[in-house]
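Enquirer: Give me the fold of what follows.
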Amino acid sequence: MNQVNLVSLGFLLLWLCSTSVALEFKRRDASSSSLTWHRKLLPSFTRVLAPQPEGLAAAGGHHHSPEAHHNVVKASAPANKASPWASSINLMKNCVGAGVLSLNGRVNTIAPTLASYPQVFALILLITLWAIHNFYIVGETVRLTGAQTFAETWQTAVEDLPAHGQRPSPSPSPSKTWRTLPTSYVTFVVTCAPIVSCVANTIVLTDVLTMLLRVVRAPAALVRHRAAVVALLSTVILLPVCSVESLNGLKSISVIGLSGHLAAVAVIVKRVVDGSYRPGGLFHATAQWATTTTTASAAGAAAWSKWFVFASLLSYCQVAHYNAPRYYNELDKGSSSTTVAAPSSPSRVFLTMVTRAYLGAASLYGLTILATYGLFQDRGQSFALNTLSPLDPLAIAAFVAFGASVLASYPLVFLNVRNWLRQQLLLQHHHYASRRGADDAAAPTPAPAPAPAPAWLSVRTVAALLLSVIGLVATFVTDIGQLGSVAGAVFGSSMMFVFPPLMYMGALQQPRLVGGEGWTPEEIQRRLRWNRVLLGGGLVLGAMGTFNSVKALFAK
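Expert: Predicted coordinates:
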């Protein structure tokens, strides 16, 4: 990166921070009733990403009896339930993101001809069925434990297991480090995964904005410097969207997102039919073809390693398991038209919803891969839309539609990370402020009211800081396929293939959780054996995917 890009990023960071702080001070001067720090928190979103602090867990955590815990859950459960179809559409949109249009670029490295596509679709189906099962068992663990978040489910099912003596341990009293490390790692993975998604979405939106700037004949100095485009995107478009307090006004976001993706695929199918990108076609000469192609012999040279890279990208696209507790708790489980026994009805409704969503997403994967191959064969770029000709009017429509799809879902992911980060900063600020106040108190005085959050911890400022970091990464990293493969191998495999069976097995080994299910010991052992097999497969897939994805990244 040259000095111009670095200077642009520096100005972006300074501008975002200074503007946010200035606007916050101006807002406070104009308002006579500012909210205190603890009233401005959004616990319904922050709890998605992090477990409760130790002090809060001791006061209102899940170390109560199962009956008391379920009463707490029932009281805090959301009042508005989502229908199974609405939940399926939302979950399907979670699985149809920015990485889907990069699938064909990875397929070309292992199957540059249609003869190998049956194996590709078989792998997609296998990963999809695996994802359905593990999403379902997370929901089952939530049902057994009564938890509300992913981290809380992990802590109840896994971290509480040694304390109840249901699993033999090499040490009679497990150390505190052993008991806190798993939840710390889970929190780290669940926090980093949405950040990676935001980086991927920023990469796509940068490409879309660059395309539009070329169309409107923006100054070449702006279009040629990626950092300048990222700065424009972050300040003018993303910052206002990501500074909203809540998501109440974004209820129809999933329908908009799916419509944008389908519109982009429809443009590709239209160009396949009219032959505009075939040799001699109207846009063949001006298409942005990839500089290198993959031959069948080259694809077969190390095909086994490239299959793991493709599986990692699929994992990145399909991972939504950290939101499984929210989907289970918010699902209207009485909306099923199927008459089943009462104990299995919630599980059956949840499984149907999950299966419908993931099979729908897998169908879109297959349609997108076939359409992009039919248009570009093995000469498409890693992000398929980047191959379209800038002179193609439908290409502009495809970019705008897909950009709107990505932009519509951006706040859904970003706000979780922003609220979690802001909560941690506010807790630290309050902690140090309380300690300083205790040290300064020389005589017994009435406890002062909690101080308002400082301006540098406003929602807009935290959003600006986070967008600056994401923009910096998106300036250096431009290949969303490589990013998705590495992220899917490192984070996606853990959340989709490792954590769910560990949580479910932990819950199965606690009689206080499964005592009322009516399962025989043989049935419990059968479930444990099956999930051990899936856990072993997930560990192998994650390890091989990480090794080969990182190897491919450095080789490139």
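Enquirer: For Ala227, the count of nearby residues, please.
Expert: 24 (other Cβ atoms under 10 Å). Placement of C-beta: from N, CA and C, glycine included.
Enquirer: and it, what pLDDT?
Expert: Looking at Ala227, its pLDDT stands at 91.
Enquirer: secondary structure element for it?
Expert: helix 226-232 (DSSP states H and E).
Enquirer: For that helix, name the packing helices and strands.
Expert: Using 3 or more Cβ pairs under 8 Å, 6 or more residues apart in numbering; DSSP states H and E, the elements in contact with helix 226-232 are helix 3-30, helix 176-215, helix 220-224, helix 459-476.
Enquirer: Recalculate using a threshold of 6 Å.
Expert: Using 3 or more Cβ pairs under 6 Å, 6 or more residues apart in numbering; DSSP states H and E, the elements in contact with helix 226-232 are helix 3-30, helix 176-215, helix 459-476.
Enquirer: what pLDDT, on average, does the shortest one get?
Expert: In this model, helix 459-476 has an average pLDDT of 89.
Enquirer: now that helix and helix 176-215, what's the angle there?
Expert: For helix 459-476 against helix 176-215, the angle by axes from the mean of the first three to the mean of the last three Cα atoms, to 10 degrees is 70 degrees.
Enquirer: How far off centre is helix 459-476?
Expert: Computed by Cα atoms, centre = their mean, to the nearest Å, the chain-centroid distance of helix 459-476 equals 17 Å.
Enquirer: Dump the C-alpha coordinates for it into CSV.
Expert: The C-alpha trace of helix 459-476 is given here as CSV (Å, rounded to 0.1, in the frame of the first residue of the first chain):
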residue,chain,number,x,y,z
VAL,A,459,-23.0,4.6,20.2
ARG,A,460,-21.8,6.7,17.2
THR,A,461,-18.2,6.9,18.4
VAL,A,462,-17.9,3.1,19.1
ALA,A,463,-19.4,2.5,15.7
ALA,A,464,-16.9,4.9,14.1
LEU,A,465,-14.0,3.2,15.8
LEU,A,466,-15.1,-0.3,14.8
LEU,A,467,-15.8,0.8,11.2
SER,A,468,-12.3,2.3,11.0
VAL,A,469,-10.7,-1.0,11.9
ILE,A,470,-13.0,-3.0,9.5
GLY,A,471,-12.2,-0.5,6.8
LEU,A,472,-8.5,-0.9,7.3
VAL,A,473,-8.7,-4.6,7.0
ALA,A,474,-11.0,-4.4,3.9
THR,A,475,-8.4,-2.1,2.3
PHE,A,476,-5.7,-4.7,2.5
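Enquirer: got the contact list for the residue nearest the centre of the chain?
Expert: Centroid check for the chain by Cα atoms, centre = their mean gives Pro194 as the closest residue, at 4.2 Å. Residues near Pro194 by Cβ atoms under 6 Å, 6 or more residues apart in numbering: Val413, Asn416, Val417.
Enquirer: Sitting in helices, which of those residues do you find?
Expert: Among these, the members found in helices (DSSP state H) are Val413, Asn416, Val417.
Enquirer: So, low pLDDT: which residues of this protein?
Expert: 1-80, 160-183, 246-254, 292-302, 335-344, 436-453, 455, 555-556 (pLDDT under 70).
Enquirer: one step back: adding neighbour count, write the contacts of Pro194 out as TSV.
Expert: Formatted as TSV, the contacts of Pro194 follow (neighbours: other Cβ atoms under 10 Å):
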residue	neighbour count
Val413	20
Asn416	25
Val417	25
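Enquirer: can I get these in TSV with distance to Val406?
Expert: Shown next, in TSV, are the contacts of Pro194 (distance: Cβ to Cβ, whole Å):
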residue	distance to Val406
Val413	10
Asn416	16
Val417	16
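Enquirer: of all those residues, which comes closest to Leu385?
Expert: Val413 (20.5 Å; Cβ to Cβ).
Enquirer: From Ala489, how far off is the closest one?
Expert: Distance of Val413 to Ala489, given as Cβ to Cβ, to the nearest Å: 19 Å.
Enquirer: do Ala408 as well
Expert: Note on Ala408: its distance to Ala489, by Cβ to Cβ, is 27 Å.
Enquirer: Next up, phi/psi of Leu331, please.
Expert: phi -80, psi 130 (degrees, to the nearest 10).
Enquirer: Pull the distance from stretch 93-106 to the chain's centre.
Expert: 13 Å.
Enquirer: Start and end of that stretch, how far apart?
Expert: This stretch, stretch 93-106, spans 21 Å end to end (Cα to Cα, to the nearest Å).
Enquirer: Now Arg356: closest residue in space that isn't a chain neighbour?
Expert: Nearest residue to Arg356, sequence neighbours excluded (Cβ to Cβ, 6 or more residues apart in numbering): Ser88, at 4.4 Å.
Enquirer: Tell me what angle whatever helix or strand Ser434 lives in forms with helix 176-215.
Expert: Using DSSP H and E, Ser434 sits in helix 393-440. Using the same axes, to 10 degrees, one finds that helix 393-440 and helix 176-215 are set 140 degrees apart in direction.
Enquirer: from what I can see Val96 touches Ala362, true?
Expert: No - assessed by Cβ atoms under 6 Å, Val96 is found out of contact with Ala362, at 10.0 Å.
Enquirer: More neighbours: these two, which one.
Expert: Val96 (27 against 24).
Enquirer: quick one: contacts for the more buried one?
Expert: Val96 makes contacts with His261, Ala361, Leu364, as judged by Cβ under 6 Å, 6+ apart.
Enquirer: For the residues you listed, which entry has the maximal number of neighbours?
Expert: Ala361 (25 neighbours).
Enquirer: From Phe135, how far out is the closest residue to that one other than its chain neighbours?
Expert: In this structure, Ala361 finds its nearest non-sequential neighbour in Cys95, 3.8 Å apart by Cβ to Cβ, 6+ apart. The gap separating Cys95 from Phe135 is 10 Å, by Cβ to Cβ.
Enquirer: Kindly report the same for Val354.
Expert: Taken as Cβ to Cβ, the span from Val354 to Phe135 is 5 Å.
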